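[1] Below are the sequence and a predicted model for it; my questions follow.
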Amino acid sequence: MIRNNSILLLITFIYASIATAQDAAIKAITLNQVYKYAQQNYPLVKDGNLINEIERLHLEVIKKSKLPSVSLNGNAQVQSENISLNLGTASIEAPLETYNAYLYAEYNIYDGGKTSAETRIQKAKSSVDRNAFEVQFRLIKNRVNTLLFAISISRKQKYILETSKLDLETNISTLEIGFKNGTILESEVSKLKVRRLEIISNIIQLNGKFSSYLVMLEQLTGKTFSNNVQFEIPVVPSNFTSSEINRPELELFNSQKSLLEAQEASITASLKPKISLFAQGGVGNPNPLNFADFNLAPYALGGVKLKWNFINFGKSKKEKELLKIQQDQIEIDREVFSFDIQSEAKEYTKRIESLVLEIENNETIVQLQKEILQQSKVQLDNGIINSSEYVTQLNAAIQSEQNLELNRVELQQATIEYLTLIGKL
């Protein structure tokens, strides 16, 4: 029976361990996944779907314009006079009232590349809209970065304070024994208890900050996270550098230039001749095709039509010059953007180098502070120093650890922000 109970407990422990591991795996969320959640929840995502739908409809309209056009036309008029001929004993007199109704069909067999240019313009416009959409979306990443690292530093600070609180409680228990034995003053115990309450107050404040950061992240992503959720931040070497910029703004500049080039092609197409086939059929009174037939009669005609606006007094040339200036302006905007990004990237590089050195120095400080704190604890237990001196050293040790953890998070955040800046994330 005892053996069966042992086996049952072992199985229960294994299942609990597996469940705990599964929970931990589920709760770990990558940075890119958080980016994805935020983008999917952002109201702007609807605009992305509309851009695709607008492009599709515009292209369908352009495609339909290549089909033959058919129109129904008609007119009726009354004249004060009309043609009248006297031919000896006979005379011809056209009626004063005329009627005409006909169908007119036209089919462009050559439009000088106008349809192709319109298609290219529409695709270029959609590309501009998509890239502008991606530029706006990229701003979400900065907000996610800020919140995730605020959550991270809050947790680390809380862990340091909770560890210090446990040490204080151990020391309080030791001093209380001394107080009961009459070797320690009650005020010495009270000083440690006050510091413990101060630490508890700081932990409560950190819990409030942590909760507010988590709520803001939930609002941004549309997801609900537990307090123990883990966010997986990519581990990037602090000496990682890259001069390559892969920002959506660069694609926006490219698409803007492509749009101007498409508009230039449209201007060129407008100067080329247009050739179309046409057909017309209907009834008229008198017959529109027979001068001598003054009765209501059917008629039909067809042929080839040529239209060529080869002179517009330099208008097209000026339009192309304007487009060229706009292209030059886009290139200037690109250069300014790249210059600003590279300047900011250099600032991040310098900051990362400084943080690396600062962390190395703070690690040494933390180690020394821990050693001093351990010595102070022994001295406190032996009555060599009082609790005020011990609390002072404890505060110094806590502050050094917080500075170190803050620097580590700042280094990680600076590296992630650097990668986000140049478009690697």
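    Alright, I've got the coordinates.
[2] Gln256 and Leu323: what is the separation?
    Distance of Gln256 to Leu323, given as CB to CB, to the nearest Å: 11 Å. All C-beta atoms are positioned from the backbone trio N, CA, C, and that covers glycine.
[3] With neighbour numbers in mind, choose between these two.
    For Gln256 versus Leu323, the count of surrounding residues by other CB atoms under 10 Å is larger for Gln256: 21 against 18.
[4] Can you list the helices and strands that the helix or strand containing the more buried one packs against?
    Applying DSSP states H and E as the criterion places Gln256 in helix 248-270. Helices and strands touching helix 248-270, as assessed by 3 or more CB pairs under 8 Å, 6 or more residues apart in numbering; DSSP states H and E, comprise helix 114-180, helix 315-381.
[5] so which of those helices comes closest to Asp293?
    Comparing these against Asp293 with CB to CB, the closest turns out to be helix 114-180 (40.0 Å).
[6] Just say helix, strand or coil for Gly112.
    coil (DSSP: H, G, I helix; E, B strand; the rest coil).
[7] In this structure it contacts Pro273, no?
    Yes: when contacts are counted by CB atoms under 8 Å, Gly112 is listed as touching Pro273 (6.3 Å).
[8] Those two: which has the busier surroundings?
    A side-by-side neighbour count of Gly112 and Pro273, using other CB under 10 Å, places Gly112 first with 19 against 12.
[9] Would you mind getting the angle between the helix or strand containing Ser190 and helix 315-381?
    When secondary structure is defined by DSSP H and E, Ser190 falls within helix 186-221. Angular relation of helix 186-221 and helix 315-381 on a 0 to 180 degree scale: 160 degrees, by axes from the mean of the first three to the mean of the last three CA atoms, to 10 degrees.
[10] Switch the helices and strands packed on helix 248-270 over to TSV; also include mean pLDDT and distance to Glu218.
    Below are those laid out as TSV (pLDDT from 0 to 100; distance: least, CB to CB, whole Å):
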stretch	mean pLDDT	distance to Glu218
helix 114-180	88	10
helix 315-381	91	29
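[11] of all these, which gets the most neighbours per residue?
    Neighbour counts averaged per stretch over the helices and strands packed on helix 248-270 are highest for helix 114-180, at a mean of 18; criterion: mean count of other CB atoms under 10 Å.
[12] which residues sit against the following helix or strand past the helix holding Ser190?
    For helix 186-221, the following helix or strand on the C-terminal side (DSSP H and E) is strand 230-232. Outside strand 230-232, the residues within contact range by CB atoms under 8 Å, 6 or more residues apart in numbering are 24, 27-31, 34, 148, 151-152.
[13] please redo it, this time with the cut-off set to 10 Å
    Contacts of strand 230-232 with the rest of the structure, by CB atoms under 10 Å, 6 or more residues apart in numbering, involve 24-34, 144, 147-149, 151-152, 155, 217, 225.
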